[in-house]
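*Asks:* turn this into a model:
(chains A and B)
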Amino acid sequence: EADIYQTPRYLVIGTGKKITLECSQTMGHDKMYWYQQDPGMELHLIHYSYGVNSTEKGDLSSESTVSRIRTEHFPLTLESARPSHTSQYLCASSDHFDPFTGELFFGEGSRLTVL
Amino acid sequence: QKEVEQNSGPLSVPEGAIASLNCTYSDRGSQSFFWYRQYSGKSPELIMSIYSNGDKEDGRFTAQLNKASQYVSLLIRDSQPSDSATYLCAVNQAGTALIFGKGTTLSVSS
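*Replies:* Here you go, the predicted model:
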């Protein structure tokens, strides 16, 4: 069973607020990812990290930022939330050592609603 | 052009039938291929991975890969109502993150 945790699970917030979505994993995985998924749509990669102090932007342009100060922690921050940021945010991790592995372990997701 | 294409469905099959899910990808450099299952309101979970041309079987599931045709499929034998979910095809080039298709919704009726 995957040990990756996201908080909050649900968040309703007003426009202009700063928010941080937390993601932590206890598997010692080097690779961590943030995906964004709207209902009925595909997962879009917005950020990823291959290790401490390593962060990259994904395919989907996002106004969010991430940090990777510790291996187990990969928070995502929106400085000023807007209604267009309303979505499901999924955090995932994978093992570094197998270059072909695609098995991602997902957290339960954070559903963000910006009013 | 979408990198990973799937028919969104819904695909409806009766209980006990074979469900066939298909996926095409655009990048010939792709090296590994995956099928994830996502129940409504839940996160995706890995069902099958396949790296070489041919078939790979795991219980009721068979993944098929044809790199020349850039095609990967998933067969579910003896489909059960509990198989009703969205099935996501995902493709990985070495050194990059997974790219997901939009998913195919499967509905198995009892």
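*Asks:* if I pick B:Y51, what's in contact with it?
*Replies:* A:F100, B:Q31, B:S32, B:F33, B:L65 (Cβ atoms under 8 Å, 6 or more residues apart in numbering or on different chains). C-beta coordinates here come from the backbone N, C-alpha and C atoms, glycine included.
*Asks:* check A:Y33 too.
*Replies:* With contacts defined as Cβ under 8 Å, 6+ apart, the neighbours of A:Y33 are A:L45, A:H47, A:Y48, A:S49, A:G58, A:C91, A:A92, A:S93, A:S94, A:L104, B:A97.
*Asks:* so the third one sits right up against A:Y35, yeah?
*Replies:* This means A:Y48. No. With contact taken as Cβ atoms under 8 Å, A:Y48 and A:Y35 are classed as non-touching, separated by 9.3 Å.
*Asks:* any shared contact partners between these two?
*Replies:* Overlap between the contact sets of A:Y48 and A:Y35, as judged by Cβ under 8 Å, 6+ apart, is given by A:G58.
*Asks:* okay, these two: which has more neighbours?
*Replies:* Between A:Y48 and A:Y35, A:Y35 has the larger neighbour count (other Cβ atoms under 10 Å in any protein chain shown), namely 27 against 23.
*Asks:* where exactly do the strands run in chain A?
*Replies:* Secondary structure of chain A, counting by DSSP state E: strands at A:4-7, A:10-13, A:19-25, A:31-37, A:44-51, A:54-57, A:65-66, A:76-78, A:87-94, A:105-106, A:110-114.
*Asks:* what segments of chain B are strands?
*Replies:* Secondary structure of chain B (DSSP E): strands at B:4-6, B:11-14, B:19-25, B:32-38, B:45-50, B:54-58, B:61-66, B:71-76, B:85-92, B:99-100, B:104-109.
*Asks:* minimum distance to A:H73: which of these has it?
*Replies:* The closest of those to A:H73 is strand B:45-50. By Cβ to Cβ, the value is 22.9 Å.
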